[in-house]
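S.K.: Pasting a predicted model and its sequence here:
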Amino acid sequence: MCEFVGRGAGVVRMIGRALRGAVVLLAGFVLVSGCGSDRPAELSVDEVKPCELISRNSVQGVQIATESQKMNSAPGVDTEGNTCFYVARNGNTIYVSAITNHGIGRWVDPSFESSHSEEVSRIQGYRTVKVWHDSERPDPNHQCRFYVDVAGGQLLRVQVDRSFEENDPPTCDTARRFAETAMGTLIADRG
């Protein structure tokens, strides 16, 4: 009888350790899952029409020369989504894209050898990175791209081609204004 009780206590201790281990693993999983994204909310862009995110007069300091133009694709390697582009009076072209098949991870640590990125201040609380390629100069008057982490596996991208005139605002200033305006509309539409 004592031998059986001794074995039973050992089994109970083993079960207790196993349960504690399971609880620790489960707690770790919950923490990692909860911390995987620090977005204020998921803003899916599956059905978003980028031309509806920016009105002609909504971007302060940028004068649009032509009405927005819609593209049923998002430029880039293996990139899905759609795009709207604008031509400013200064000659810059501004692209606003809803990307539906890539998340911010593609650009935080780019897998493309010629691509580089840096974190910039968040837009509406959403993580934002600036991306450039080796063939481009990362200066404020050259082409500028911002990617905003709107949802898991999805991005809002704003790209501005280089500035042609000396007195033009830097392209990254323009890209940021468009990204802020687009995000404001996107958030307001979901609220």
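M.R.: Cool, got the structure.

S.K.: okay, how far is it across stretch 47-55, tip to tip?
M.R.: Counting by C-alpha to C-alpha, to the nearest Å, you get 18 Å between the two ends of stretch 47-55.

S.K.: in that stretch, what counts as buried?
M.R.: By neighbour count, and taking 16 or more other C-beta atoms under 10 Å as the criterion, the buried residues in stretch 47-55 are Val48, Pro50, Cys51, Leu53, Ile54. Bear in mind the C-beta positions are built from the backbone N, C-alpha and C, glycine included.

S.K.: do stretch 170-178 as well
M.R.: For stretch 170-178, a neighbour-count test (16+ other C-beta under 10 Å) marks Thr171, Cys172, Asp173, Thr174, Ala175, Arg176, Arg177, Phe178 as buried.

S.K.: Can you tell me which of the residues you listed lies closest to Gln124?
M.R.: The shortest gap between Gln124 and any of the buried residues of stretch 170-178 belongs to Arg176, at 11.7 Å (C-beta to C-beta).

S.K.: wait, that closest one sits on Gln159?
M.R.: No - with contact defined as C-beta atoms under 8 Å, Arg176 does not count as touching Gln159 (11.9 Å).
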